[in-house]
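Novice: Curious how this folds, go ahead:
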Amino acid sequence: MSDETIQMLLQDADERMKKSVETSREKLGTVRTGRASPALLERVQVDYYGTPTPINQTANIAAAEARLLTISPYDKSALQAIEKAIQDSDLGLTPNNDGNVIRIQIPELTEERRTEMVKQVRHLAEEGRIAIRNIRRDVMQELKELRTSGDVGEDDEKRGEEDLQKLTDKHVGEIESQLEHKEADLLEV
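Specialist: The predicted model follows:
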């Protein structure tokens with residue numbers, strides 16, 4: 001009984017940590033590197049008929065070339081709203097609207113902008129690590145409660161804590177490798 005309870009806690013912690021890692025991966029993907037990627041625009045919200053709508057639900061976004069994004073709206077009347085949303089975003093991109101398609105030329109990053117973005121990426125990675133450590137803290141608390149209530153013994157609790165630490169280290173390591181990869185992309189000239 002006690003072993004099953006601990007395994008269920010660890011399995012739940014593993015799933016929650018995987019979600020945190022995936023969320024970090026998505027957030028890191030939205031940070032602009034020197035290349036064009038449709039993921040750059042994922043955070044952009046378009047005011048579509050008075051409703052804030054993710055840009056990818058209002059248009060098809062494609063990386064036509066290494067430094068060019070093309071945005072083809074599903075509804076041509078949304079062209080102005082999409083253009084305005086991109087200009088108002090914190091991405092520092094300038095859309096060119098030809099009446100049918102919006103083209104965004106991705107400029108080279110300056111050294112100053114690169115270091116600024118590395119700081120931003122490190123902050124996002126730290127948020128992911130904090131989320132994983134919070135999950136670990138919650139599960140550790142649950143393990144202590146199980147021991148104090150007499151459901152598990154001290155040895156089982158210690159074994160559960162060790163397994164939980166291994167899970168934590170594994171998932172933090174995944175975030176670290178994502179961070180290293182993103183930093184390498186940003187610093188690549």
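Novice: any idea how this protein splits into domains?
Specialist: Residue ranges for the domains of the chain, per automatic domain parsing: 2-30+110-187, 38-105.
Novice: Turn these into a markdown table, including mean pLDDT and mean neighbour count.
Specialist: For glycine as for every other residue, the C-beta is placed from the backbone atoms N, C-alpha and C. Formatted as a markdown table, the domains of the chain follow (pLDDT from 0 to 100; neighbours: other C-beta atoms under 10 Å):
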| stretch | mean pLDDT | mean neighbour count |
| --- | --- | --- |
| domain 2-30+110-187 | 90 | 16 |
| domain 38-105 | 85 | 16 |
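Novice: tell me which element the most centrally placed residue in the chain falls in.
Specialist: For the chain, the residue whose C-alpha lies nearest the mean C-alpha position (C-alpha atoms, centre = their mean) is residue 27; its distance is 2.3 Å. For residue 27, the host element (DSSP states H and E) is helix 2-29.
Novice: Past that helix, which element shows up next along the chain?
Specialist: Taking DSSP H and E, what comes next after helix 2-29 is strand 45-48.
Novice: Can you show me the CA trace of the helix or strand just after that next one as CSV?
Specialist: With elements assigned by DSSP H and E, the helix or strand that comes after strand 45-48 is strand 51-54. Output of strand 51-54 as CSV, limited to C-alpha atoms (Å, rounded to 0.1, in the frame of the first residue of the first chain):
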residue,chain,number,x,y,z
THR,A,51,-11.8,39.5,-29.5
PRO,A,52,-8.1,39.0,-28.7
THR,A,53,-7.2,35.9,-30.8
PRO,A,54,-3.8,34.2,-31.3
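Novice: And the closest residue to residue 39 other than its chain neighbours, how close does it get to residue 145?
Specialist: In space, and not counting its chain neighbours, residue 39 is closest to residue 29: 4.3 Å by C-beta to C-beta, 6 or more residues apart in numbering. To residue 145, residue 29 is 37 Å away according to C-beta to C-beta, to the nearest Å.
Novice: quick one on the thing from earlier: for the residue nearest to the centre of the chain, what are its contacts?
Specialist: Residues in contact with residue 27, defined by C-beta atoms under 8 Å, 6 or more residues apart in numbering, are 124, 127-128.
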